[in-house]
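Trainee: no sequence on hand, only this structure:
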């Protein structure tokens, strides 16, 4: 079973890297990009076979290590 | 007086920190990250600068979950002293021993130069050798020194006089130009600038020596 964790900065936390990407897009002539937020995706290969168990376990991993919940939020996707 | 300096794979200011402690009169033990206990009788734990675990995932995140950090947390919870510099500050924030987080510098550049700091408080055993408002020069060398915290956390830090150092001029986007903060009991200091790299005239400045001398003066004991 695969899990995919999406980690993004919380709303309201300024993302300097996203801002730099937005400026770069503007300078390449892409108009109308009002905002860019950059995050990360972490893929996990799990032994678990039960979706709910896997989801709960990955959420615990996010709280313990994968995300810094002071500034980041996360979403877990199980395949 | 005994100091322990933690060493992670990728630490690169550990020996500088040990020298600064020794010059102030501390006996120093270097403690590997896989150890689960601090040596007996440690008064203060130094968490050094560098690039622990290659800055993978987030700066300081993996170091903050290493075995020795369990012992560091217990030391601090028992009223022990700790000093986290640069990557060490990032580690202390990741452990939750200090509030807030450090993000990529607002200008996105790695900043490596001496900077002027304003001393925010002299009421701590780290800063008692300075006057409030005094300007000191410490080097900075970081990519992720942009301090962020919830507005009520920042307000509490301000109100309780826990902002130990501020950048004299805007540097990296930190809220309130915060360069270093104290814990509630004022026994844990985390800061991005490097006092240990300014602890001897041969290093180009000795403003940072005062931090270690003040700790020795206070004869910190756990």
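Mentor: Yes, it's here. Being a predicted model, the structure only gives us computed values, none of them experimental.

Trainee: near residue 62, how many other residues are there?
Mentor: Picking chain A for this. 20 (other C-beta atoms under 10 Å in any protein chain shown). Heads up, the C-betas are built off the backbone N, CA and C, glycines and all.

Trainee: I was after chain B.
Mentor: Neighbours around residue B:62, by other C-beta under 10 Å: 21.

Trainee: that one and chain A, how far apart?
Mentor: As for residue B:62, its distance to chain A is 8 Å (criterion: C-beta to the nearest C-beta, to the nearest Å).

Trainee: next up, the contacts around that residue.
Mentor: Applying C-beta atoms under 8 Å, 6 or more residues apart in numbering or on different chains to residue B:62 gives the contacts A:65, B:52, B:53, B:56.

Trainee: likewise residue B:47?
Mentor: The neighbours of residue B:47, taking C-beta under 8 Å, 6+ apart as the test, are B:6, B:72, B:82, B:83, B:84, B:85, B:87, B:88, B:89, B:91, B:92.

Trainee: so the fourth one makes contact with residue B:194?
Mentor: What it means is residue B:83. No - contact criterion C-beta atoms under 8 Å: residue B:83 and residue B:194 do not qualify, at 11.3 Å.

Trainee: so for the two, which residue has more residues nearby?
Mentor: Set residue B:83 next to residue B:194 and count neighbours by other C-beta under 10 Å: residue B:83 wins out with 30 against 25.

Trainee: give me the element the more buried one is part of.
Mentor: In this structure, residue B:83 sits in strand B:81-85 according to DSSP states H and E.

Trainee: how far off centre is that strand?
Mentor: Distance, stretch centre to chain centre, for strand B:81-85: 5 Å (C-alpha atoms, centre = their mean, to the nearest Å).

Trainee: averaged pLDDT, it. What do you get?
Mentor: The average of the pLDDT scores along strand B:81-85 is 98.

Trainee: could you point out which element follows that strand?
Mentor: Downstream of strand B:81-85 (by DSSP H and E), the next one is helix B:87-95.

Trainee: what's the angle from that following helix to strand B:81-85?
Mentor: Per axes from the mean of the first three to the mean of the last three C-alpha atoms, to 10 degrees, the angle that helix B:87-95 makes with strand B:81-85 is 120 degrees.
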